[in-house]
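Visitor: Return atomic coordinates for the entry below.
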Amino acid sequence: LCLEANPYIAPYLGECTLQNGDRHLIWREAGAYTLEECLGGANTERWEGLADALGVADGEEDRHALPRELLRQILRALSYCHSKGIVHRDIKPSNILIDEQSHCIRLIDFGSACDMSSWLERKGYRGAERGVRTLYSAAITWLRCVMPGLRQSEDALLDWRLDVRDQRHDLEGWQEETVLSGGDLPEGWEELFACPEGREAERLLKELMRYEPERRPTATDALMSSYLNPDCSSPMNQPEPPPVPWSLTSHIESLSMMQR
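Guide: Numbering: from 1, shown residues only. Okay, here's the model as predicted:
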């Protein structure tokens, strides 16, 4: 019930128990198809229409418009869930509805979710401040959608995941090993990550897929990344501030900042 107010979560109606004892969660219809149904096979029209469905103008001028918006919405859904102490634990394309009316993804199927709200404080979590570190599945879901070589076949996705796992999720090590061994990178890999925006996307992907879960960012942290905020000016591009005349006060303040 605590998730009802979020636009990226399908409205929850309740639950029911069938005669055989199976319990089911019931959600209001909030989309005609899932993200899974946009991938591969005969669903090319749905994939080509996904940009319009999510309210972005996708095209040659900005090939990252759709990938960026898709990842942003997935992370917004997870950030809200984690702020309420809810861990979904089953993030995948088939559990993401596309709501063309609201131009939003809608997260569904919380049957495997874990409610951590009763022990957030005791375990040291602080909702949106720290959250629950479950971003790896979101990264894999996003990559499968935006990478043609991983979109068409689940076998190709599994083979890639095993190869990356063997490199302890080190994407640079995996790429180097693949090239040196005469293998091919997934179709679309170089095209997606070759441009400046692509390098920012790859940097964020590496963070989300870190081998040690405790080193991965939270969903809220990831939403602040350069890739998802391309209109924000980088500090490196800002003019240098004028020098401040030396004084004992400024010197003490500088030392204090260095210590912190």
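
Visitor: what residues does the host helix or strand of Ile105 touch?
Guide: If you go by DSSP states H and E, Ile105 is part of strand 104-107. Strand 104-107 is contacted from outside by 7-10, 30-31, 35, 54, 70, 73-74, 77-78, 81, 88, 91, 95-99, using CB atoms under 8 Å, 6 or more residues apart in numbering. In this view, the C-beta of every residue, glycine as well, is placed from N, C-alpha and C.

Visitor: Which ones among those lie within strands?
Guide: Ile96, Leu97, Ile98, Asp99 (DSSP state E).

Visitor: Could you count how many residues lie near the residue lying closest to Tyr227 once chain neighbours are set aside?
Guide: Spatial nearest neighbour of Tyr227, chain neighbours left out: Glu200 (3.9 Å); criterion: CB to CB, 6 or more residues apart in numbering. Using other CB atoms under 10 Å, Glu200 has 19 other residues around it.

Visitor: so what's Glu200 scoring on pLDDT?
Guide: Among the per-residue scores, Glu200 holds a pLDDT of 95.

Visitor: From Glu176, how far out is it?
Guide: 21 Å (CB to CB, to the nearest Å).

Visitor: same question, Cys114
Guide: With CB to CB as the criterion, Cys114 and Glu176 are 37 Å apart.

Visitor: any idea how far Trp47 is from Ala201?
Guide: Applying CB to CB to Ala201 and Trp47 gives a distance of 19 Å.

Visitor: Please enumerate the strands of this structure.
Guide: Using DSSP E, strands in the chain cover 12-17, 23-27, 33-34, 86-87, 96-99, 104-107, 114-115.

Visitor: Tell me which of Ala201 and Trp47 has more neighbours.
Guide: More crowded of Ala201 and Trp47, by other CB under 10 Å: Ala201, with 24 against 17.

Visitor: Return the residues in contact with the more buried one.
Guide: By CB under 8 Å, 6+ apart, the neighbours of Ala201 are His64, Pro67, Arg68, Leu192, Phe193, Tyr227.

Visitor: thinking again about what came up before, counting neighbours, which of the ones in strands among the contacts of strand 104-107 comes out on top?
Guide: Ile96 leads the ones in strands among the contacts of strand 104-107 on contacts (other CB under 10 Å) with 25 neighbours.

Visitor: that older thread, avg pLDDT for the strand holding Ile105?
Guide: 94.

Visitor: Just the C-alpha atoms of that strand, please, in PDB.
Guide: Presented in PDB, the C-alpha positions along strand 104-107 are these (Å, rounded to 0.1, in the frame of the first residue of the first chain):
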ATOM      1  CA  CYS A 104       5.900   5.900 -17.800                       C
ATOM      2  CA  ILE A 105       7.100   2.400 -17.100                       C
ATOM      3  CA  ARG A 106       5.100   0.600 -14.400                       C
ATOM      4  CA  LEU A 107       6.800  -1.800 -12.100                       C
END
